[in-house]
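In: Just need the structure, nothing else, for what follows:
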Amino acid sequence: MKRFFLYIALITTCLLSCSAPQNIAVTRTLVVSIIQSRDYVVEADYMSPMRSEGVRHLSTSYSLTVHGDTLVSYLPYYGEAYGNMPYGGDAGLNFTAEILEYNCSFDDKGTALIEIRVRNENINYKYLTQIFSNGSASISVNSDNRQSISFHGKLKTEGYDLKPQ
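Out: Model (predicted):
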């Protein structure tokens, strides 16, 4: 009886390990396809303010959306602001703006490196986004009037299908 379970375990392990590379290839292809469509959402799960102790979990659904030439930033902000920024009355990184500059490249491992520049209410923002081939993502936001802040999350892939090439 022990041998029977041993054989079942061995066969299951072999089948699972044989299917993993195909799933990785499908995920990588799907991620590249979504990013190249320039119509995607990165969901933020954690934030790392520049001068904070560690990473903070986000309990609300925050995201960064790219839709053609439009960026929708729905992200919290925690950190110092400089210059003529109102104290406590600011909406964080919550705005919709036209994309002024969009650069996307992929490295050898399939990681997308995306740089987006926007301007909202006379403030320039630069969003540096890395989306890895498994769909995980990191976003770094830099601005003229604020400390940098980083977010970590994932690329939303629900609702997307691989199209035949």
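In: Enumerate every residue touching residue 51.
Out: For residue 51, the contact set (CB atoms under 8 Å, 6 or more residues apart in numbering) comprises 79, 80, 147. No exception for glycine: its C-beta is placed from N, CA and C like everyone else's.
In: Highest neighbour count among these?
Out: Most neighbours among these, by other CB atoms under 10 Å: residue 147, with 17 neighbours.
In: For the protein, just list every one of the helices.
Out: Here the chain has its helices, by DSSP state H, at 2-37.
In: Find the centremost residue of it, please.
Out: residue 137 (3.5 Å; CA atoms, centre = their mean).
In: Who are the contact partners of that one?
Out: Counting by CB under 8 Å, 6+ apart, residue 137 touches 42, 129, 130, 131, 152, 153, 154, 155.
In: Any of the residues you listed buried? List them.
Out: Using 16 or more other CB atoms under 10 Å as the burial test, the contacts of residue 137 include 42, 129, 131, 152, 153, 154, 155 as buried.
In: Name whatever forms a beta bridge with the first one.
Out: Partner residues in beta bridges with residue 42, using DSSP bridges, are residue 64, residue 155.
In: Read off the pLDDT value for it.
Out: At residue 42, the pLDDT value in this model is 95.
In: Counting by contacts, list what the lengthiest strand in the chain packs against.
Out: What stands out as the longest strand in the chain, according to DSSP state E, is strand 93-106. On a contact count with 3 or more CB pairs under 8 Å, 6 or more residues apart in numbering; DSSP states H and E, strand 93-106 meets helix 2-37, strand 70-75, strand 112-120.
In: Going by mean pLDDT, which of the ones you listed comes out lowest?
Out: Mean pLDDT is lowest for helix 2-37 among those, at a mean of 60.
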